[in-house]
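In: Give the three-dimensional model of this entry:
(2 chains)
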Amino acid sequence: MQTFLQIIANGLMLGGLFAIVAVGLTLIFGIVKVVNFAHGEFLMVGMYATYLLTTGLGVHPYATAIAVVPILFVLGALTQRFLIQPLMNARDEHIQIFATVGLSTALINLALLLFGADIANTPNYQLRSQVEIGPVRLLQGQLWVFLAAILLVTGLQLFLKRTNIGRAIRATAQNRAAARLMGINDRFVYILTFGIGAACVGLGSALIAPLYPSSPTIGTYFVLIAFVVVVLGGLGSIPGAFFGALLIGLVDALSGFYIGSDLREAVVFGIFLVILILKPSGLFGTRMSLSHVSP
Amino acid sequence: MTETATRPATALERTNRQTLGWAALGLLLAALLVVPIVVGDEFVYHIFITICLFAALSTAWNIVGGYAGQLSLGHAIFYGIGAYAGVILVNMGVSPWFGMFVGAGVAVVAAVVVSYPCFRLHGPFFALATIAFLEVFRVLALHFRDLTGGATGLMIPLKIGWEWMVFRERLPALLIAFGMLLVCLAVAWAIRSRRLGFQLVATRERESAARAAGVATVRVRLIAVSVSAALSAMVGTFHAMYLTYIEPASMFSLQLSIQIAMFALIGGIGTIWGPLLGAVLLVPITEFARGALGAEAIGLHGFVYGLVLMLVVLFMPDGIMGVLSRFSGARKAQDGGDEGHIAAASPSRTPPEIGKPVLKVENLEKHFGGLHVTNDVSFTLREGEILGLIGPNGAGKTTLFNMISGFLAPDGGSVSVLGRDGTWHSPSDPGEYAALGVGRTFQIVQPFAAMSVEENIMVGAFHRFHAVADAREAARQTAHRMGLGRYLEDEASSLTIGGLKRLEVARVMAMEPRVLLLDEVMAGINRADVRRAVDLMLSIRETGVSIIAIEHVMQAVMALSDRVIVLNSGEIIAEGDPKEVVRDPQVIEAYLGKEFADA
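Out: Down below sits the predicted model:
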């Protein structure tokens, strides 16, 4: 029982981590309708930025978020403006995929050039020390990640539902042409959304860097899981991404224990394929996501 | 220069340009073989062997990713299967020349299992699914250590000679790699220039229009992935022998899958020679960076790749081939004297005898949620009859068409079509309808945008003919008849809306249907074109074809129809002679409102 509870707790913590990576991806997916294959590399860039700032300035990794979040926002906004926007009306949607795949390849290899293939450990300031909560033991840092994921999801959801900019963003996602007729600057909305999506992963990277060593390919692992989460939760659905992430975290932890740690990924991707093929709108899917899947 | 003076020259230039293209290609291929032999350097050999292998992989990928438009980022699955099959069998004492066919066989099975469920996914979702499958294969390869050696990988035993594909010198390896490249190019060329290639591209451009033209879209895609997977696996087997060591991380690698696709994109996705050009240009960068700059430049070639990829999608999305064809000059209009006129019908305006029933619709029902879009609709279409289907917007006309062409399954009732064998059939999907001779057009035109007008019509003609030459001839005849003779060589997307509507009809006519369903082919075209379209439909009917036409242009409906059905809110409210139907108060009310009906 004790072990089971520990596994559940680990799964939930992992889920929080996946959520914080996936939330920005689903936002970009849902609003700009672009699959950002470079999202994992945004995380990698953020983690290296956290590492450099933490070791360079000797500050707490969480404090670097003040700088990392804006850096990632700018990176995302630039990506939209100069890479995606010129391709928004491309004849072929493959073109956009190749664009972000190209960005991803370039960023991974740039990191290899700059930092080499070795891992970089961000000082963890006791964040890897254990805390006991009832019958389970967790890392301090994991708890903060989980809490941050809840706050981020709630905050983003309120922003989209309650503010005027949020409404403009949702309107553009639902019908770009109609939104333009209502005086919404759709290009600006897309740039802003891409920036916010990247900023979310920027926040994530400041929180994740003390827990996981940075490496040029760290993003690949996380982004594949994040895609699973995004499809599971329904494209563009922020609460969906959160619950999808928790579910995948649990699946990962449980299958790692009961099936074998080397087959965890096969189980996760197997579930992903089943969902993608049988119910492409996701478990918590919305109608918007459906119309996007089957044109 | 007058037009007549330029025309013969253009045709000549085109032939010259083609000869030039073939010559350049021959030179390029010869260089791949000759340069390393002349230079004789080990490293140069290695670079050219790698170019051949990647060009072969990329060419094989292009059959799926380019022609069929299914963006696979998991092609390393097949490459890896070939590599493992080869090495495992070599360790059991089986020659890789045999092992490569075993690998190809397994890869084909894997390809069908992986692709079939994914065909309903589009664009990024197909790509994501293939990545997920690749991850699953990699994890499984790591897990089943007894078979694959797990993370430690597998070595090949040191048996040297042609029998084992392992050599002390580089030349034999180059010959094998070059041979594989030639095989891949030949297969790709054969597919692209035959019926299968046309059907794949048509499926990629407009799936529903392809299905309406009788293309078995699932079957052609399965053939494409099977061929592509088999070729990739065979290259994988040889590459494993060349590398002498394999492990899951480098065989089932996402990076490799991306590279394969990238070479094709940079060279020109969907073209026959593009992948070759992409590999020739980019592979040397990798190998040079690896070999000459060594550990210091780790990541440099990848960074260049990524950068090149972004620049290509931004500034030359059609790749090198696109740039080449732009420089060699755009295609010019071809000879063909009909000047856009539709051949007039023979003046003998005696309507042929209306024959026996060919299509029966009985008690058809369809609901969309709470909306009753088709309510107990029954009618019969007879041989050589023109049936006008009219009704206000939202009456359910197109829904009815979708049900009598197999695109939508009715909730109740039945559609029966008289087969050529004289018995009644109940087809259930567009392919079966097409096979029975029911052809349809779409209200919103669905041209295959990346194909020429001639090729568009050929897709319909392939329903009857297997050989390209026959289909081309039939397409030309149909095009001239439809007044599209002048535009044969133009891209379909360059036509006007009237031209597109005619193309839509031409594609169906090339199938020689017995029942023709025309969905608003006259909407939005000018008066003169309406007159011609009316003449054309009458001449089609004179060949014994039965027509159901949804039409809003009343002048045409009145002139054409032997009988008219009026649909309103999913129900037939009037049926009969056109002149009487338009006087029916119910019909006037449906169109104009109650006050007009009483007036």
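In: From here on, just use CA atoms for contacts and neighbour counts.
Out: OK.
In: Which residue is the nearest non-sequential neighbour of residue A:213?
Out: Sequence neighbours aside, residue A:121 is the residue nearest to residue A:213 in space, at 4.7 Å (criterion: CA to CA, 6 or more residues apart in numbering or on different chains).
In: Would you state the predicted confidence (pLDDT) at the residue nearest to residue A:80 when sequence neighbours are not counted?
Out: The spatial neighbour of residue A:80 that comes closest, neighbours along the chain excluded (CA to CA, 6+ apart), is residue A:191 at 5.5 Å. If you check residue A:191, the pLDDT there is 95.
In: How about the contacts made by residue A:191?
Out: With CA atoms under 8 Å, 6 or more residues apart in numbering or on different chains as the criterion, the residues that contact residue A:191 are A:76-78, A:80-81.
In: again, only using 10 Å
Out: A:28, A:32, A:73-74, A:76-82, A:84-85, A:197 (CA atoms under 10 Å, 6 or more residues apart in numbering or on different chains).
In: quick one: what helix or strand has it in it?
Out: For residue A:191, the element it lies in under DSSP states H and E is helix A:186-208.
In: And chain B, is the next helix or strand after that helix touching that?
Out: Helices and strands here follow DSSP H and E; after helix A:186-208, the next one along the chain is helix A:218-233. Yes. Taking CA under 10 Å from any CA of the partner chain as the criterion, helix A:218-233 and chain B are in contact, through A:220, A:224-225, A:227-228, A:231.
In: show me the biggest helix of the chain in terms of residues.
Out: Just so you know, I chose chain A. Taking DSSP state H as the assignment, the helix of chain A that covers the most residues is helix A:2-31.
In: um, chain B though
Out: The longest helix of chain B (DSSP H) is helix B:3-39.
In: what's the angle between the helix or strand following it and helix B:3-39?
Out: In the C-terminal direction, the helix or strand that comes right after helix B:3-39 (DSSP H and E) is helix B:42-62. Between the axes of helix B:42-62 and helix B:3-39, defined by axes from the mean of the first three to the mean of the last three CA atoms, to 10 degrees, the angle is 140 degrees.
In: Next, the buried residues of helix B:42-62.
Out: If you call a residue buried by 16 or more other CA atoms under 10 Å in any protein chain shown, then helix B:42-62 has these buried ones: B:43-62.
In: Does the residue nearest the centre of chain B belong to a helix, a strand or coil?
Out: Compute the mean C-alpha point of chain B, and by CA atoms, centre = their mean the closest residue is residue B:201, 2.1 Å away. Assigned with DSSP: H, G, I helix; E, B strand; the rest coil, residue B:201 falls in the helix class.
In: which ones are touching residue 194?
Out: Chain wasn't specified; assuming chain A. Residue A:194 sits next to A:24-25, A:27-29, A:31-32, A:34, A:36, A:72-81, A:84, A:188, A:200 when contact means CA under 10 Å, 6+ apart.
In: nope, chain B
Out: Neighbouring residues of residue B:194 by CA under 10 Å, 6+ apart: B:462, B:466-469.
In: starting at the chain centroid, how far to stretch B:159-169?
Out: What separates the centre of stretch B:159-169 from the centre of its chain is 41 Å, taken as CA atoms, centre = their mean, to the nearest Å.
In: Name the residues that touch it?
Out: Contact partners of stretch B:159-169, identified using CA under 10 Å, 6+ apart, comprise B:42, B:45, B:90, B:93-98, B:156-158, B:172-173, B:176, B:237-244.
In: For the chain, which residues score under the pLDDT cut-off?
Out: No chain specified, so I'll use chain A. Counting by pLDDT under 70, chain A contains low-confidence residues at A:284-295.
In: wrong one, I was asking about chain B
Out: B:1-12, B:292-296, B:328-353, B:592-599.
In: can you map out the strands along it?
Out: If you assign secondary structure with DSSP state E, the strands in chain B sit at B:154-155, B:245-246, B:357-368, B:371-382, B:386-390, B:412-418, B:424-425, B:438-440, B:515-519, B:546-550, B:563-568, B:571-576.
In: on that earlier part again, can the residues of helix A:218-233 next to chain B go into JSON lines with extra columns for neighbour count?
Out: Compiled in JSON lines, the residues of helix A:218-233 next to chain B are given as follows (neighbours: other CA atoms under 10 Å in any protein chain shown):
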{"residue": "A:220", "neighbour count": "20"}
{"residue": "A:224", "neighbour count": "21"}
{"residue": "A:225", "neighbour count": "24"}
{"residue": "A:227", "neighbour count": "28"}
{"residue": "A:228", "neighbour count": "29"}
{"residue": "A:231", "neighbour count": "30"}
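In: OK, now which residue of the stretch 51-200 of chain B is nearest to chain A?
Out: Among the residues of the stretch 51-200 of chain B, residue B:136 lies nearest to chain A; the distance is 4.8 Å by CA to the nearest CA.
In: need the residues of the stretch 101-250 of chain A near chain B, please.
Out: With CA under 10 Å from any CA as the criterion, the stretch 101-250 of chain A comes near chain B at residues A:101-117, A:216, A:220, A:224-225, A:227-228, A:231.
In: what about dumping the CA coordinates of the helix holding residue A:191 to PDB?
Out: Extracted in PDB, the C-alpha atoms of helix A:186-208 (Å, rounded to 0.1, in the frame of the first residue of the first chain):
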ATOM      1  CA  ASP A 186      -4.800  38.600 -36.000                       C
ATOM      2  CA  ARG A 187      -1.100  38.700 -36.700                       C
ATOM      3  CA  PHE A 188      -0.500  40.400 -33.400                       C
ATOM      4  CA  VAL A 189      -2.700  37.900 -31.700                       C
ATOM      5  CA  TYR A 190      -0.600  35.000 -33.200                       C
ATOM      6  CA  ILE A 191       2.700  36.600 -32.200                       C
ATOM      7  CA  LEU A 192       1.400  37.300 -28.700                       C
ATOM      8  CA  THR A 193       0.000  33.700 -28.400                       C
ATOM      9  CA  PHE A 194       3.300  32.100 -29.600                       C
ATOM     10  CA  GLY A 195       5.200  34.400 -27.200                       C
ATOM     11  CA  ILE A 196       2.900  33.400 -24.200                       C
ATOM     12  CA  GLY A 197       3.200  29.700 -25.100                       C
ATOM     13  CA  ALA A 198       7.000  30.000 -25.200                       C
ATOM     14  CA  ALA A 199       7.000  32.000 -21.900                       C
ATOM     15  CA  CYS A 200       5.000  29.200 -20.200                       C
ATOM     16  CA  VAL A 201       7.700  26.800 -21.100                       C
ATOM     17  CA  GLY A 202      10.200  29.400 -19.900                       C
ATOM     18  CA  LEU A 203       8.600  29.300 -16.500                       C
ATOM     19  CA  GLY A 204       8.700  25.600 -16.700                       C
ATOM     20  CA  SER A 205      12.400  25.500 -17.500                       C
ATOM     21  CA  ALA A 206      13.400  27.600 -14.500                       C
ATOM     22  CA  LEU A 207      11.500  25.100 -12.300                       C
ATOM     23  CA  ILE A 208      12.700  22.000 -14.100                       C
END
